[in-house]
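No sequence on hand, only this structure:
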């Protein structure tokens, strides 16, 4: 493969930080693709384990790999570094502790691009709890139009958890990200939330990839999935607050979708409320009360689940209930992973 040509189709950006136990599977799942018109950008973000050495060995073997070794700056900084280097028409973000399944993923995506030329391709991840417990919900079955104008379907995409706050379930035209300076906020946790909210304003067309190729590892010790901290929830609060106060004057449908998007992330704050200090809880309480209008049926499937209980509970009791439910689910995830 000649990656020196002026244009390639895909730039796959993989931030790497202390993932020696998972990195081989991640890289092998990408490099086994039958489609070769891609570059693989590895950003070693100051790893202290053998991750960098693994990246170097793969770079010696595979010419399509671009390896950057930098001081630790966090996930956002690593992704931004990769995005600035990328030459592909489309960007694919992949976390280095996750992996792909199937050897024809890029070939299928290429065919979909040839047919529909979308600004964004949305694909549903499969969730990995253990080797024998990997599954996808396939909520796309509820979407009638699998491609077309983004605005026409965005409310349904948000409702059915197909447009969510994650970077790795989207294949996006690079020019949209670069031309509109859609980089990840550095120094924040759950940085995908703000990034995905801003991206919504710049998408005109979409397609849905019909298969589930991305495997999202749920129960890795030390990952964000298993270590929700006060910093995470404080940052989510700040992003929801900023998002609700800075909505642009756009079409009614898009505004509705964006508000529904923030409603889903509002629920994240409620269910993790008790990881916050008593001082922070008191500080943000007035805003949480003023945002209760976001708890409305029809915004998102997660919000709908919350509404089933909110009908019978006070707001304070609802928060207490959601936090208990979160702890129970977290315990169940660990049990599933240990099987």
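Sure thing, it's come through. None of the values given here were measured: they were computed from a predicted structure.

for the stretch 101-250 of the chain, what spans make up the helices?
Along the stretch 101-250 of the chain, counting by DSSP state H, counting those that start in this stretch, helices occupy 105-116, 150-159, 174-179, 192-199, 230-245.

For residue 12, give the beta-bridge partners.
For residue 12, the beta-bridge partners are residue 40, residue 92 (DSSP bridges).

For residue 116, see how far away it is.
20 Å (C-beta to C-beta, to the nearest Å). All C-beta spots, glycine's among them, are computed from the backbone N, C-alpha and C.

Those two: which is more packed in?
Neighbours were counted for residue 12 and for residue 116 using other C-beta atoms under 10 Å; residue 12 has more, 25 against 16.

can I assume that one is in contact with residue 30?
Yes: using C-beta atoms under 8 Å, residue 12 is in contact with residue 30, at 6.0 Å.

Overlap of the contact sets of these two?
With contacts taken as C-beta atoms under 8 Å, 6 or more residues apart in numbering, residue 12 and residue 30 have 40, 94 as neighbours in common.

What are the structural domain limits within this structure?
In the domain annotation for the chain, the residue ranges read 8-225, 228-337 (automatic domain parsing).

Just send those domains back as CSV, with mean pLDDT too.
Below are the domains of the chain laid out as CSV (pLDDT from 0 to 100):
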stretch, mean pLDDT
domain 8-225, 95
domain 228-337, 89
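
Now do the contacts for residue 49.
If you count contacts by C-beta under 8 Å, 6+ apart, then residue 49 has 18, 19, 20 around it.

the strands in the stretch 201-339 of the chain, which residues?
205-208, 214-217 (DSSP state E, counting those that start in this stretch).

Show me the one of those that comes nearest residue 322.
strand 214-217 (22.4 Å; C-beta to C-beta).

rewinding a little: out of the strands of the stretch 201-339 of the chain, which comes closest to residue 126?
strand 214-217 (5.0 Å).

got the contact list for that closest one?
Contact with strand 214-217 is made by 22, 94-95, 97-101, 123-128, 134, 168-169, 223, 225, as judged by C-beta under 8 Å, 6+ apart.

Filter these down to the buried ones.
Among the contacts of strand 214-217, those classed as buried by 16 or more other C-beta atoms under 10 Å are 22, 94-95, 97-100, 123-128, 134, 168-169, 225.

among those, which are in strands?
99, 100, 126, 127, 128, 134 (DSSP state E).

Distance of the fourth one relative to residue 212?
Spatial separation of residue 127 from residue 212 under the definition C-beta to C-beta is 10 Å.

list residues touching both of the two?
With C-beta under 8 Å, 6+ apart as the test, residue 127 and residue 212 both reach residue 136.

Endpoints of stretch 88-102, how far apart?
Its first and final residues considered, stretch 88-102 spans 21 Å by C-alpha to C-alpha, to the nearest Å.

what's the closest of the ones in strands among the buried ones among the contacts of strand 214-217 to residue 87?
Nearest to residue 87 among these, with distances taken as C-beta to C-beta, is residue 100, at 20.9 Å.

backbone phi and psi for the residue nearest to the closest one when sequence neighbours are not counted, please?
Leaving aside its chain neighbours, residue 100 sits nearest to residue 29 (4.1 Å; criterion: C-beta to C-beta, 6 or more residues apart in numbering). Here is the backbone geometry of residue 29 (degrees, to the nearest 10): phi -70, psi -20.

Could you quantify the relative orientation of the helix or strand harbouring residue 26 and helix 105-116 as an angle?
Following DSSP states H and E, one finds residue 26 within helix 23-31. For helix 23-31 against helix 105-116, the angle by axes from the mean of the first three to the mean of the last three C-alpha atoms, to 10 degrees is 40 degrees.

Residues touching helix 23-31, excluding its own?
In this structure, residues lying in contact with helix 23-31 by C-beta under 8 Å, 6+ apart are 12, 14, 16, 19, 40, 51, 54-55, 58, 62, 64, 94-101.

if we can go back for a sec, tabulate the helices of the stretch 101-250 of the chain (a markdown table), appending distance to residue 299.
Converted to a markdown table, the helices of the stretch 101-250 of the chain look like this (distance: least, C-beta to C-beta, whole Å):
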| stretch | distance to residue 299 |
| --- | --- |
| helix 105-116 | 28 |
| helix 150-159 | 7 |
| helix 174-179 | 26 |
| helix 192-199 | 15 |
| helix 230-245 | 13 |
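
and of those, who's closest to residue 306?
helix 150-159 (13.8 Å).

buried sites along that closest one?
Buried, per 16+ other C-beta under 10 Å, within helix 150-159: 150, 151, 153, 154, 155, 156, 157, 158, 159.

go on, stretch 75-87?
Applying 16+ other C-beta under 10 Å to stretch 75-87 flags 75, 76, 77, 78, 79, 80, 81, 82, 83, 86, 87 as buried.

again with stretch 301-311
So stretch 301-311, judged by 16+ other C-beta under 10 Å, has buried residues 302, 303, 306, 310.

Looking at those residues, which is nearest residue 177?
Closest approach between those and residue 177, by C-beta to C-beta: residue 302, at 26.8 Å.
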